[in-house]
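J.: No sequence on hand, only this structure:
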């Protein structure tokens with residue numbers, strides 16, 4: 001379908017003077033963009049002969065049009081014309097000579113043809129170089145011609161509306177810009193108010209429409225009552241501008257009604273951080289640059305219809321420079337919820353400054369913190385605080401099975417965590433503390449501080465613990481006089497039975513090495529801490545300082561790595577040793593020798609996470625069965641699945657991490673699923689953002705706050721419209737969905753939380769599917785709160801591609817995302833996880849989630865169903881090959897898994913064991929019967945004997961029967977005698993029912 005966008009008058013001086021109205025239109029999918037590009041010019045020829053000349057006033061924003069191929073096609077035959085020659089080619093216009101093969105009629109000029117190279121989901125759009133295809137004979141005739149008939153430009157066409165350059169990317173000519181500058185030579189900058197539907201996109205060129213309109217000192221618009229109204233003020237800097245700010249007066253009607261100045265904002269000059277800390281931005285605009293100021297008016301719901309007038313004052317370096325008169329006509333309409341159901345109108349910009357769900361209220365199943373003396377109690381755990389402010393003891397109360405709580409505590413430490421300040425002579429300094437002072441005691445957060453010191457050093461400890469077991473320490477060390485130090489270390493003395501497993505610092509999850517040493521290498525490794533623990537007691541710690549910035553992850557770590565802590569890292573002198581130290585396994589976190597001058601300050605900050613977070617919910621595991629594909633509801637229901645995961649690149653969730661465009665279709669699907677008793681979750685995370693997001697260019701106006709700096713490139717749309725200075729991310733060829741990498745912790749997280757709330761309340765989603773995570777626990781808590789508000793289920797499952805690789809800095813998915821685990825319902829670890837070659841301790845620590853209170857599923861290659869079942873895991877249908885867990889689901893239902901007690905092979909008094917240490921057994925026990933899951937890690941086929949403690953199992957052996965139910969693609973049905981050897985195929989196992 002061809003759609004006319006406008007008729008525009010062009011006036012070109014320098015090569016010929018003429019004006020003509022040339023429309024910009026869209027011709028939806030009229031040609032193959034992947035070979036011809038996204039843009040063409042329709043020219044018409046009414047002359048005769050074998051030569052035609054056309055001058056195209058294309059006003060292009062790309063910088064090197066002379067280096068891009070031009071393809072001319074005969075509109076009648078759709079054949080490429082070979083006799084083509086270019087004349088002058090620049091950004092303003094292009095001269096073309098061609099043979100009009102079909103005589104009079106239309107010809108198509110494709111002026112930005114490209115091809116995609118590289119991986120399909122990470123393409124490299126390469127623009128074709130100019131070529132010479134004209135014959136020598138035709139070129140000779142062209143050269144000898146005294147006059148050449150002219151062809152006219154009929155229209156500019158884009159492949160669709162999304163690709164059009166009109167109106168904001170049609171550039172002003174150099175001459176037009178120069179005359180504008182000359183006219184306003186006495187001014188520092190010009191202001192061009194712009195409608196919210198025309199996002200300012202270019203920073204190096206003025207739009208041609210601004211030349212026609214000229215700078216303005218007023219802005220008029222119309223808004224609805226209660227609307228989150230947005231508009232732009234475009235600044236064109238005629239000089240370098242420092243610290244640009246904007247302040248607003250109240251808007252008043254002729255009858256005295258007021259819209260308060262506090263209801264007007266500009267996202268470019270100040271805002272509210274993702275952590276609810278307000279901030280001001282220093283906005284500098286370089287001479288010759290365009291800067292968009294995105295402003296918003298939160299029109300009160302009760303605003304009386306009238307015209308409200310006021311002003312916006314733009315200041316530079318604190319001095320008022322320009323005043324823009326504002327006139328907003330409030331009509332009789334009332335916007336619903338601010339109009340956020342129409343995001344195309346930019347009604348959601350206020351979400352960037354949201355503080356929704358920031359109060360640290362306790363989230364189920366966690367319980368309020370309790371403080372008694374110096375001990376803080378939380379769900380399944382206690383922390384006793386020593387007089388210096390560090391943990392004296394940490395206890396957990398989880399059973400070895402991880403299905404409940406124990407009355408007997410499990411101590412993690414042999415003695416208190418502590419610092420050593422070691423002088424040059426090797427002796428440790430003693431610091432005298434001034435006692436613990438609790439500064440906050442709330443159900444969600446307890447805070448305390450302690451100051452210790454001597455005549456040489458002062459240590460100020462500020463710490464907080466939250467209801468989920470997260471402890472944050474700020475440790476400020478100040479030199480009171482010059483001092484040479486051999487080392488500053490922090491010791492964590494683990495009990496040996498606790499320090500069974502380790503994960504992080506370059507170690508894959510599994511048994512802790514006997515002697516371990518590690519050094520900082522932040523340019524290549526996303527490593528600043530580790531988890532050390534056992535199934536029902538453990539501790540993750542991360543070493544940081546005041547300069548910590550969350551790095552990028554999932555393929556992009558190397559483009560924004562960790563910042564080396566000046567304290568712990570100490571110019572790479574620091575490191576970690578984990579070794580046997582008598583009664584303890586000591587984690588020695590050292591920073592090496594250094595000289596401190598009087599007044600020097602260092603921050604030895606660190607975070608702790610006490611694991612597990614809660615018992616595993618086995619009944620949820622058996623009852624909640626994910627179907628990971630967009631299919632008709634009835635098709636899914638017959639599989640036995642109970643929750644549908646809707647990925648991006650589907651009809652109701654087409655664009656990655658921006659599930660707001662097809663939301664009406666999504667709501668209809670959700671409603672249908674709910675009517676059939678099914679729940680629906682959607683793909684929505686933060687790491688990259690679709691280029692289809694309506695706010696793309698408003699976010700770009702914030703510099704690198706939302707989007708990471710980068711080399712640009714990627715899919716053609718990004719190169720043509722975003723330009724440069726970004727990182728191209730995931731791309732979906734079928735939808736031409738090209739994402740851009742987010743920068744890390746920023747205000748887009750506020751938008752994300754508001755968006756999740758809106759989807760829950762208005763679309764009816766039952767949770768989210770996270771595909772890796774690029775936000776921290778602050779945002780995760782907020783998301784969990786809005787997803788579970790008003791009784792919504794708020795199910796969150798996390799998928800991760802294995803992060804243990806070069807591109808991801810050799811981190812572990814479980815270690816990287818552990819801070820989010822308290823709020824997840826299930827893991828799906830994941831792509832590039834090897835379920836065949838890795839050991840049971842790897843499964844337990846990195847894949848299963850059990851030591852953290854979670855359960856999981858397998859992905860890569862469909863997983864290993866036999867090994868998965870000893871951890872209660874299946875694969876997920878129908879995402880990957882061989883992913884059909886229905887035979888296992890059927891056994892679950894036949895046996896009746898609900899209410900069973902899971903006793904894993906890791907439990908010392910598991911009543912069922914095998915006589916082969918490489919063949920493991922987990923049982924699911926209930927009254928009078930048990931399901932035994934057996935899986936082999938043996939090097940070859942083997943036979944095993946079961947050793948069963950019948951009394952603990954609660955079954956009379958005289959009446960016991962062991963059967964293997966027949967299961968497709970899993971096992972052939974049969975019955976075993978009690979003392980019969982059971983054959984176990986390499987890498988496989990059995991599901992046996994004993995009753």
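T.: Great, that's in hand. Since the model is a prediction, treat every value here as computed from it, not as a measurement. Residues are numbered from 1 along each chain as shown.

J.: And for the residue nearest to residue 176 when sequence neighbours are not counted, the neighbour number?
T.: What sits nearest to residue 176 in space, not counting adjacent residues and going by C-beta to C-beta, 6 or more residues apart in numbering, is residue 211, at 4.7 Å. Quick note: C-beta positions are derived from backbone N, CA and C, even for glycine. Neighbourhood size, residue 211 [other C-beta atoms under 10 Å]: 18.

J.: Run through the helices of the stretch 51-200 of the chain in chain order.
T.: 136-144, 174-183 (DSSP state H, counting those that start in this stretch).

J.: Next up, phi/psi of the residue nearest to residue 176, please.
T.: The phi/psi pair for residue 211 (degrees, to the nearest 10) reads phi -70, psi -40.

J.: Show residues contacting the host helix or strand of residue 770.
T.: Using DSSP states H and E, residue 770 sits in strand 767-771. Contacts with strand 767-771, where a contact means C-beta atoms under 8 Å, 6 or more residues apart in numbering, come from 628, 643, 645-647, 679, 681-685, 687, 756, 783, 787, 793-800, 820, 825.

J.: And the pLDDT at residue 880?
T.: Note for residue 880: predicted pLDDT of 76.

J.: Now do the closest residue to it other than its chain neighbours against residue 834, distance only.
T.: Closest residue to residue 880 apart from its sequence neighbours, by C-beta to C-beta, 6+ apart: residue 862 at 5.4 Å. Distance, residue 862 to residue 834, by C-beta to C-beta, to the nearest Å: 13 Å.

J.: count of residues packed around residue 217?
T.: Residue 217 is flanked by 11 other residues according to other C-beta under 10 Å.

J.: any idea how far it lies from residue 187?
T.: 11 Å.

J.: go on, residue 73?
T.: Per C-beta to C-beta, residue 73 is found 47 Å from residue 187.

J.: of these two, who's got more company?
T.: Counted by other C-beta under 10 Å, residue 73 and residue 187 do not tie: residue 73 has more neighbours, with 18 against 15.

J.: if you skip the residues just before and after it, what's nearest to that one?
T.: residue 108 (4.3 Å).

J.: That neighbour and residue 40 touch, don't they?
T.: Yes - between residue 108 and residue 40 there is a contact under C-beta atoms under 8 Å: 5.0 Å.

J.: Overlap of the contact sets of those two?
T.: Joint contacts of residue 108 and residue 40 (C-beta under 8 Å, 6+ apart) are residue 31.

J.: what comes up buried for stretch 675-694?
T.: Within stretch 675-694, the residues that count as buried by 16 or more other C-beta atoms under 10 Å are 678-694.

J.: Go ahead and confirm residue 575 touches residue 569.
T.: No - look at residue 575 against residue 569 with C-beta under 8 Å: they stay out of range, at 9.1 Å.

J.: Those two - which one has more neighbours?
T.: residue 569 (22 against 18).

J.: List the residues that contact that one.
T.: 520, 522, 591.

J.: what do you get for residue 429?
T.: 421, 422, 423, 454, 456, 457.

J.: Write the ChimeraX selection for whichever of those residues are buried.
T.: Buried residues among the contacts of residue 429 (16+ other C-beta under 10 Å), as a ChimeraX selection:
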select :421,422,456,457
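
J.: picking up where we left off before, and the residue nearest to residue 73, what are its bridge partners?
T.: residue 42, residue 73 (DSSP bridges).

J.: Any idea how many residues pack against it?
T.: Residue 108 has 21 neighbouring residues, counting by other C-beta under 10 Å.

J.: looking at the helices of the stretch 51-200 of the chain, which is buried most?
T.: helix 174-183 (a mean of 14; mean count of other C-beta atoms under 10 Å).

J.: correct me, but residue 835 touches residue 860?
T.: Yes - under the criterion of C-beta under 8 Å, residue 835 makes contact with residue 860 at 6.7 Å.

J.: Mind checking which of these two has more residues around it?
T.: Just comparing residue 835 and residue 860: by other C-beta under 10 Å the higher neighbour count belongs to residue 835, 22 against 19.

J.: What strand or helix carries that one?
T.: Here residue 835 is assigned to no helix or strand, by DSSP H and E.

J.: Now it: phi and psi?
T.: For residue 835, the backbone dihedrals (degrees, to the nearest 10) come out as phi -90, psi 0.

J.: Name the nearest residue to it, sequence neighbours excluded.
T.: residue 864 (4.2 Å).

J.: Show me the strands in the stretch 301-450 of the chain, by range?
T.: Secondary structure of the stretch 301-450 of the chain by DSSP state E, counting those that start in this stretch: the strands cover 306-316, 319-334, 370-372, 375-378, 381-385, 391-398, 405-411, 418-423, 432-433, 437-441, 445-453.

J.: Now mean pLDDT too, for those, in JSON lines please.
T.: Written out in JSON lines, the entries for the strands of the stretch 301-450 of the chain read as follows (pLDDT from 0 to 100):
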{"stretch": "strand 306-316", "mean pLDDT": "98"}
{"stretch": "strand 319-334", "mean pLDDT": "96"}
{"stretch": "strand 370-372", "mean pLDDT": "98"}
{"stretch": "strand 375-378", "mean pLDDT": "98"}
{"stretch": "strand 381-385", "mean pLDDT": "98"}
{"stretch": "strand 391-398", "mean pLDDT": "98"}
{"stretch": "strand 405-411", "mean pLDDT": "97"}
{"stretch": "strand 418-423", "mean pLDDT": "98"}
{"stretch": "strand 432-433", "mean pLDDT": "94"}
{"stretch": "strand 437-441", "mean pLDDT": "98"}
{"stretch": "strand 445-453", "mean pLDDT": "98"}
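
J.: May I have the distance across stretch 689-707, first residue to last?
T.: The straight-line separation of the ends of stretch 689-707 (C-alpha to C-alpha, to the nearest Å) is 9 Å.

J.: no no, stretch 689-704
T.: End-to-end distance for stretch 689-704, by C-alpha to C-alpha: 14 Å.

J.: Check stretch 627-645 too.
T.: Start-to-end, stretch 627-645 (C-alpha to C-alpha) is 6 Å.

J.: Can you give the contact residues for that stretch?
T.: With C-beta under 8 Å, 6+ apart, stretch 627-645 has contacts from 623-626, 646-647, 650-653, 669, 672-673, 676-683, 766-767, 769, 795, 797, 876-879, 886, 889-890, 893.

J.: May I have the phi/psi pair for residue 276?
T.: According to degrees, to the nearest 10, residue 276 has phi 70, psi 20.

J.: do you know how far it is from residue 26?
T.: 43 Å.

J.: got it, and residue 854?
T.: Plainly put, residue 854 is 49 Å away from residue 26 if you go by C-beta to C-beta.

J.: Look at the two and report which has more neighbours.
T.: Legend: neighbour count by other C-beta under 10 Å for residue 854 and residue 26, higher for residue 854 (24 against 21).

J.: what sits against the more buried one?
T.: Per C-beta under 8 Å, 6+ apart, neighbours of residue 854: 616, 821, 824, 825, 826, 827, 848.

J.: again, but for residue 162
T.: Shown in contact with residue 162 (C-beta under 8 Å, 6+ apart): 692, 717, 736.

J.: No further queries at this time; thank you.
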